[in-house]
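**Q** coords please:
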Amino acid sequence: MSSADTIFPQGYYTTDTLSGHTFYAPKTVPAGTKLPVLLWGNGGCSADATGQAPFLTQLASHGVLVIASGTPGGSGTTTAAFMTQSIDFIAKVAGTGSWASIDASRIAAAGWSCGGIEAYAQIWDDRVQSIGIWNSGLLTNYTAAGSFRKPVFFFLGGPSDIAYQNGERDYAAMPAGVPKWKGNLAVGHGGTYTQANGGKFGVIGAHWVQWILRGNVSAGEYLSGNGATSDGWSVVSADLDKIQVAPIA
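**A** Below is the predicted model of the structure:
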């Protein structure tokens, strides 16, 4: 961060070095700790990067730098290119100056609804290791999931979720041998993003980023074991044993 950064009381901030984006980070980062990166696309591809603030703050608090497309209270819409801008920026500055704690070798892209479509576009970028699809699924090119070669996690809202069929289809279309996970929680398309700490989506999201970005195997067992199902998620998965993420410092 530079002297031109704007700090917000909720723990998110903007910086003039990457305009049009909002950062969520832990309030304190112990010396020597590295933070991996999660890119986030908002519901409706909205340029308001604080629409899911309780959820994103929760994820960041577990040792992750979240870069959300858009600005606090912003208007208009975003595109997948916003995420590419985030990747280009963080790859350039990570490990230097005030960004010394950032580990740009660990990047996941995720998003809600339209933001999930933006995240899908990053699966072809070699700098992105995994994708998180939240209440979303492909709207066109329905067979594209058959070409995916990176782990994809689907967090869906059950049959009442308007993206349910799309997410289910994409999960089924992914090729054998590629790690994939799908969970349904009967909350519909709106999820629990705006509940305190992101509600149950915040709980599972925190375990997900700890596993897929920070290499915390115990956290991953919440998804691969009985934790998620005990919390009401209906879960199926395949080839999760192929996910090998070394613990981060």
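**Q** Is the residue positioned nearest the centre of the chain in a helix, a strand, or coil?
**A** With distances taken as CA atoms, centre = their mean, the residue of the chain nearest its centroid is residue 110 (3.4 Å). When classified by DSSP: H, G, I helix; E, B strand; the rest coil, residue 110 comes out as strand.
**Q** any idea how far residue 96 is from it?
**A** Going from residue 110 to residue 96 by CB to CB, to the nearest Å gives 25 Å. From N, CA and C alone the C-beta is placed, and that goes for glycine too.
**Q** same check, this time on residue 116
**A** Counting by CB to CB, the separation of residue 116 from residue 96 is 31 Å.
**Q** same check, this time on residue 215
**A** Residue 215 sits 23 Å away from residue 96, going by CB to CB.
**Q** and if you look at residue 206?
**A** Remark: distance between residue 206 and residue 96 (CB to CB) = 28 Å.
**Q** These two - which one has more neighbours?
**A** Neighbour count, other CB atoms under 10 Å: between residue 206 and residue 96, residue 206 has more, with 22 against 9.
**Q** Not counting its neighbours along the chain, what's nearest the more buried one?
**A** The shortest distance from residue 206 to any non-neighbouring residue, by CB to CB, 6 or more residues apart in numbering, is to residue 62 (4.6 Å).
**Q** Show me the shaky parts of this structure.
**A** When residues are selected by pLDDT under 70, those of the chain lie in 1-10.
**Q** Same question for residue 210, what's its three-state structure.
**A** Recorded secondary structure, residue 210: helix (three-state DSSP).
**Q** you'd agree it is up against residue 60?
**A** No. The criterion here is CB atoms under 8 Å, and residue 210 misses it with residue 60 at 11.8 Å.
**Q** Show residues contacting the helix or strand hosting residue 87.
**A** Using DSSP states H and E, residue 87 sits within helix 80-93. Residues outside helix 80-93 that contact it (CB atoms under 8 Å, 6 or more residues apart in numbering): 17-18, 20-21, 37, 39, 41, 65, 67, 69-70, 99, 102, 104, 107, 109, 117-119, 121-122, 125, 127-128.
**Q** buried subset of those residues?
**A** The neighbour-count test (16 or more other CB atoms under 10 Å) marks 18, 20-21, 37, 39, 41, 65, 67, 69-70, 99, 102, 104, 107, 109, 117-119, 121-122, 125, 127-128 as buried among these.
**Q** Not counting its neighbours along the chain, what's nearest residue 37?
**A** Of all residues beyond its chain neighbours, the one nearest residue 37 is residue 107 (4.7 Å), with distances taken as CB to CB, 6+ apart.
**Q** just how off-centre is the helix or strand hosting that neighbour within its chain?
**A** Element membership for residue 107, per DSSP H and E: strand 102-112. Strand 102-112 sits 7 Å away from the centroid of its parent chain (CA atoms, centre = their mean, to the nearest Å).
**Q** swap in stretch 104-116?
**A** 4 Å.
**Q** How about residue 179, nearest residue that isn't a chain neighbour?
**A** Residue 179 sits nearest to residue 151 (CB to CB, 6+ apart), 4.0 Å away.
**Q** Let me see the ranges of the strands in the chain.
**A** Ranges of strands in the chain, per DSSP state E, are 6-7, 12-14, 21-24, 35-41, 65-69, 102-112, 130-134, 152-156, 180-184, 234-238.
**Q** In this model residue 211 seems to touch residue 64, though I could be wrong.
**A** No. Residue 64 lies out of contact with residue 211 (CB under 8 Å); the separation is 11.4 Å.
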